[in-house]
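Undergrad: what's the 3D shape of this:
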Amino acid sequence: MKKRLIIIGVIILFAVTAIFIFQNYKTWQARYLGDKEIIEDTIMIQPPPTPTIFYGFQIDSMEVVDNVIRRNENLSEILSEYNISPATIAEINVLPRDVFNVRHLRVRKPYTIIHYRDSLKTARAFIYHPDLVNYVVMEFGDSLHVYKGQHKVDTLVKTATGVIETSLYNTVKDAGGSPVLVNELADVYAWEIDFFGLQKGDAFKVIYEKYEVNGENAGMGKIQAAWFKHMDKPHYAIKYDQGDGVEFFDTEGKSLRKTFLKAPLRFSRISSKFSYSRMHPVLRIRRPHTGVDYAAPTGTPVVSVGDGTVTFAHYKGGGGNTVKIRHNSNYVTAYLHLSRYGKGIKKGAKVKQGQVIGYVGRTGLATGPHLDFRFWKNGKAVDPLKIDPPSANPIRDDVREDYMKVRDIWKDKLDAIGME
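TA: Residues are numbered from 1 along each chain as shown. The predicted model follows:
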């Protein structure tokens with residue numbers, strides 16, 4: 001009996017102790033282990049690593065090689081190094097040209113090879129990059145699979161400002177712009193500003209789009225709005241589409257596209273102006289020069305300053321190769337000393353404003369390559385530099401209110417841009 005009581009007492013003691021330990025476990029844990037988490041009877045399962053995907057291929061167990069097309073290197077030489085069979089290469093050579101044309105591989109263009117980590121470095125894919133945006137993928141396996149793709153293009157809104165010191169080209173370049181921006185800006189103001197008469201102190205502000213692919217420059221988009229101060233007069237250019245296509249308008253809603261361009265060619269210099277008594281550079285006598293001479297390199301494109309019909313395209317004495325265009329019942333223009341004519345330019349041909357009608361030369365009586373540009377109004381020779389043609393397609397009354405809202409937005413943005 002006594003022994004049984006002892007056993008029962010021991011059991012009760014163990015039970016009380018167990019209860020005490022269980023009730024004070026959390027306190028003991030916090031006191032001795034702090035905030036450390038205790039995990040009992042738990043098996044930690046790590047999630048599988050996220051696979052690396054490159055152009056649609058899982059490349060964790062593969063190698064990626066970037067290179068460029070070298071001079072005199074062809075696709076057959078490249079792929080043969082990565083265990084691609086002659087039969088597959090022959091299949092590539094006869095692919096439809098709209099899918100892939102092996103003849104269009106260009107020197108210094110980049111390509112990417114994805115290959116297995118075997119002793120033969122067998123290619124899984126060949127990716128050709130003709131430019132920053134587009135790419136062509138050749139997938140190798142049981143059969144050849146070829147397809148095209150495009151990278152995501154990010155559109156950024158950029159600004160550029162400058163004060164003319166030497167030329168528009170140099171000023172835009174110094175402002176971080178490209179030659180494309182120079183041409184776009186010149187096109188916007190081609191009817192408004194004579195770029196051969198820019199003066200030191202003229203200035204500009206421009207808001208334009210720039211494209212990027214993976215952080216790399218992918219070219220310039222369109223100008224959204226611009227401001228150009230020429231001879232202390234500000235010229236705003238606001239982009240707007242009133243249903244006939246995008247055009248640029250001034251703050252009053254007048255189109256910047258006039259009946260005639262200010263000049264028939266870009267970025268040269270005026271070597272001789274309109275005069276009734278000019279010393280002829282070849283004949284060395286004074287005689288009228290009822291035109292403007294633009295000195296420019298041989299081969300510089302010459303464009304028609306307006307829509308019209310070619311009435312003359314032939315060699316004409318001292319004027320050399322000449323093109324004459326009737327624009328309407330009032331206006332006629334002529335382009336002299338051309339080295340050759342533009343495509344399709346002959347008597348009776350219809351031409352559009354900005355269309356190339358010839359190229360600068362020195363045919364006829366000329367001491368150097370230049371364009372002699374002439375302008376007649378109602379049969380009378382007039383100074384081309386003083387023509388002030390009317391605007392074309394002003395803002396219509398039915399969209400004027402909307403245009404004014406758009407104008408105010410862009411004008412405020414331009415006005416907020418400081419000159420550096």
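Undergrad: mind checking how far stretch 388-405 is from the chain centre?
TA: Centroid displacement of stretch 388-405 relative to its chain, using CA atoms, centre = their mean, to the nearest Å, is 28 Å.
Undergrad: which residue ranges of the stretch 151-300 of the chain form strands?
TA: Counting by DSSP state E, counting those that start in this stretch, the stretch 151-300 of the chain has these strands, from start to end: 154-163, 203-213, 216-230, 233-241, 246-249, 269-272, 275-279, 286-289, 292-295.
Undergrad: which of those strands comes out lowest on mean pLDDT?
TA: Lowest mean pLDDT within the strands of the stretch 151-300 of the chain: strand 275-279, at a mean of 51.
Undergrad: list the contacts of residue 124.
TA: By CB atoms under 8 Å, 6 or more residues apart in numbering, the residues touching residue 124 are 57, 62, 114-116, 139-141. Bear in mind the C-beta positions are built from the backbone N, C-alpha and C, glycine included.
Undergrad: pretty sure it sits in a strand.
TA: Yes - under DSSP: H, G, I helix; E, B strand; the rest coil, residue 124 sits within a strand.
Undergrad: I'd guessed residue 134 sits against residue 128; true?
TA: No - using CB atoms under 8 Å as the test, residue 134 is too far from residue 128 to be in contact (9.2 Å).
Undergrad: more neighbours: the two, which one.
TA: Shown here are residue 134 and residue 128; by other CB atoms under 10 Å, residue 128 has more neighbours (22 against 13).
Undergrad: which residues does the more buried one contact?
TA: 100, 105, 109, 111, 135-136, 138.
Undergrad: from the residues you listed, which is closest to residue 245?
TA: Of all these, residue 135 has the smallest distance to residue 245: 32.0 Å, by CB to CB.
Undergrad: run a quick neighbour tally on that closest one.
TA: Count around residue 135 with other CB under 10 Å applied: 19.
Undergrad: and for residue 291?
TA: By the other CB under 10 Å criterion, the neighbourhood of residue 291 contains 23 residues.
Undergrad: now swap in residue 184 and tell me
TA: Using other CB under 10 Å, residue 184 has 19 neighbouring residues.
Undergrad: cool, residue 65 as well?
TA: Residues near residue 65, counting by other CB under 10 Å, number 13.
Undergrad: any idea how far it lies from residue 296?
TA: Taking CB to CB, to the nearest Å as the measure, residue 65 falls 48 Å from residue 296.
Undergrad: buried residues of stretch 144-156, list them for me.
TA: residue 151 (16 or more other CB atoms under 10 Å).
Undergrad: with stretch 183-203 instead?
TA: So for stretch 183-203, counting by 16+ other CB under 10 Å, buried means 183-193, 195-196, 198, 202.
Undergrad: what is the nearest of those residues to residue 238?
TA: Closest approach to residue 238 among the buried residues of stretch 183-203 (CB to CB): residue 188, at 10.3 Å.
Undergrad: what sits against that closest one?
TA: Residue 188 sits in contact with 223, 226, 237, 248, 256, where contact means CB under 8 Å, 6+ apart.
Undergrad: I figured residue 407 hits residue 248, correct?
TA: No - look at residue 407 against residue 248 with CB under 8 Å: they stay out of range, at 11.1 Å.
Undergrad: joint contacts of those two?
TA: 238, 240.
Undergrad: now a PyMOL select for only the buried ones of the contacts of residue 124.
TA: To isolate the buried ones among the contacts of residue 124 in PyMOL, judged by 16+ other CB under 10 Å, type:
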select buried, resi 57+62+114+115+139+140
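Undergrad: ok, the contacts of residue 124 vs residue 331, which is closest?
TA: The closest of the contacts of residue 124 to residue 331 turns out to be residue 139 (CB to CB; 60.6 Å).
Undergrad: picking that back up, what's the most buried one of the strands of the stretch 151-300 of the chain?
TA: strand 292-295 (a mean of 22; mean count of other CB atoms under 10 Å).
Undergrad: run a quick neighbour tally on the closest residue to residue 120 other than its chain neighbours.
TA: In space, and not counting its chain neighbours, residue 120 is closest to residue 83: 4.2 Å by CB to CB, 6 or more residues apart in numbering. Using other CB under 10 Å, residue 83 has 15 neighbouring residues.
Undergrad: please report how far residue 83 lies from residue 118.
TA: Relative to residue 118, residue 83 is positioned 8 Å away (CB to CB).
Undergrad: next one: residue 340
TA: Noted for residue 340: a distance of 60 Å to residue 118, by CB to CB.
Undergrad: so which of these two has more stuff around it?
TA: Higher neighbour count among residue 340 and residue 118: residue 340, with 13 against 8, using other CB under 10 Å.
Undergrad: relative to residue 314, how far out is the more buried one?
TA: 12 Å.
Undergrad: and residue 261, by the same measure?
TA: For residue 261, the distance to residue 314 equals 24 Å [CB to CB].
Undergrad: then residue 110?
TA: Counting by CB to CB - residue 110 and residue 314 are separated by 50 Å.
Undergrad: okay, these two: which has more neighbours?
TA: Taking other CB under 10 Å, residue 110 and residue 314 do not tie; residue 110 has more neighbours (15 against 11).
Undergrad: closest to residue 383 out of the contacts of residue 128?
TA: Lowest distance from residue 383 to these (CB to CB) belongs to residue 109, with 50.2 Å.
Undergrad: contact partners for residue 69?
TA: 105-111.
Undergrad: these two touch, right, residue 314 and residue 320?
TA: No - assessed by CB under 8 Å, residue 314 is found out of contact with residue 320, at 10.2 Å.
Undergrad: could you check how many residues crowd around residue 357?
TA: Residue 357: 25 neighbours (other CB under 10 Å).
Undergrad: show me what contacts the residue lying closest to it once chain neighbours are set aside?
TA: Excluding the flanking residues, the one nearest residue 357 by CB to CB, 6+ apart is residue 342, at 4.6 Å. Contact analysis of residue 342 by CB under 8 Å, 6+ apart lists 301-302, 355-359.
Undergrad: make it 10 Å
TA: Shown in contact with residue 342 (CB atoms under 10 Å, 6 or more residues apart in numbering): 301-304, 310, 313, 323, 335, 349, 351, 355-359.
Undergrad: contacts for stretch 91-99?
TA: 74-76, 79, 84-85, 100-104, 126, 136, 138, 143-144, 146-148.
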